[in-house]
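A.B. asks: here you go, sequence then predicted model.
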Amino acid sequence: MDDEPLEEWARRRELRRPAPGERRATPLGDRPERGAHVGPDTPRGIQEWDGHEWAPAGVAEDQAAAAAAAGRDTNARAERVPLPAFGKLPSMPEPWRPTQRFHRPDTPRK
């Protein structure tokens with residue numbers, strides 16, 4: 001397998017990282033993060049990227065209020081993620097095929 005140069009990897013990583021001051025909404029509670037469509041009436045925490053970690057920045061009472069507070073950064077996040085070119089995708093591997101025929105010991109051979 002060909003390894004990509006470290007400089008290219010670091011450049012791609014920086015493109016995916018959030019910009020300082022960027023905000024996102026996360027559901028509050030004991031459950032792990034879920035999609036925005038799950039529990040739209042539950043309170044959301046607003047987090048802001050400070051350059052090193054997501055820090056709490058506020059609380060919204062539901063998904064609509066959280067989207068209003070953090071939604072302005074949604075398009076910027078979506079544009080940062082590059083999609084692979086179809087010609088760059090790896091080819092599908094050949095399926096595994098056994099080298100010898102397998103017969104179960106309890107079934108008669110034909």
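C.D. replies: Alright, I've got the coordinates.
A.B. asks: list the buried residues of stretch 56-70.
C.D. replies: Going by neighbour count (16 or more other CB atoms under 10 Å), the buried part of stretch 56-70 is 57, 60, 63, 65-67, 69-70. C-beta: built from backbone N, CA, C; applies to glycine.
A.B. asks: what is the rounded mean pLDDT of that stretch?
C.D. replies: Mean per-residue pLDDT for stretch 56-70: 87.
A.B. asks: just the strands in this protein please.
C.D. replies: For the chain, the strands defined by DSSP state E cover 23-27, 44-49, 54-60.
A.B. asks: related to what we said a few turns ago, which two of the buried residues of stretch 56-70 have the greatest separation?
C.D. replies: Ala57 and Gln63 (16.5 Å; CB to CB).
A.B. asks: can you pull out the helices in the chain?
C.D. replies: Taking DSSP state H as the test, the helices found in the chain are 6-16, 63-70, 74-80.
A.B. asks: in JSON lines, list those helices along with distance to Gly35.
C.D. replies: Below are those laid out as JSON lines (distance: least, CB to CB, whole Å):
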{"stretch": "helix 6-16", "distance to Gly35": "20"}
{"stretch": "helix 63-70", "distance to Gly35": "10"}
{"stretch": "helix 74-80", "distance to Gly35": "14"}
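A.B. asks: and Met92, which of these is closest to it?
C.D. replies: helix 6-16 (24.1 Å).
A.B. asks: show me the shaky parts of this protein.
C.D. replies: 1, 32-34, 36, 72-78, 81-82, 84-89, 107-110 (pLDDT under 70).
A.B. asks: possible to save the strands of the chain as JSON lines with distance to Pro98?
C.D. replies: Output for the strands of the chain, formatted as JSON lines (distance: least, CB to CB, whole Å):
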{"stretch": "strand 23-27", "distance to Pro98": "48"}
{"stretch": "strand 44-49", "distance to Pro98": "51"}
{"stretch": "strand 54-60", "distance to Pro98": "49"}
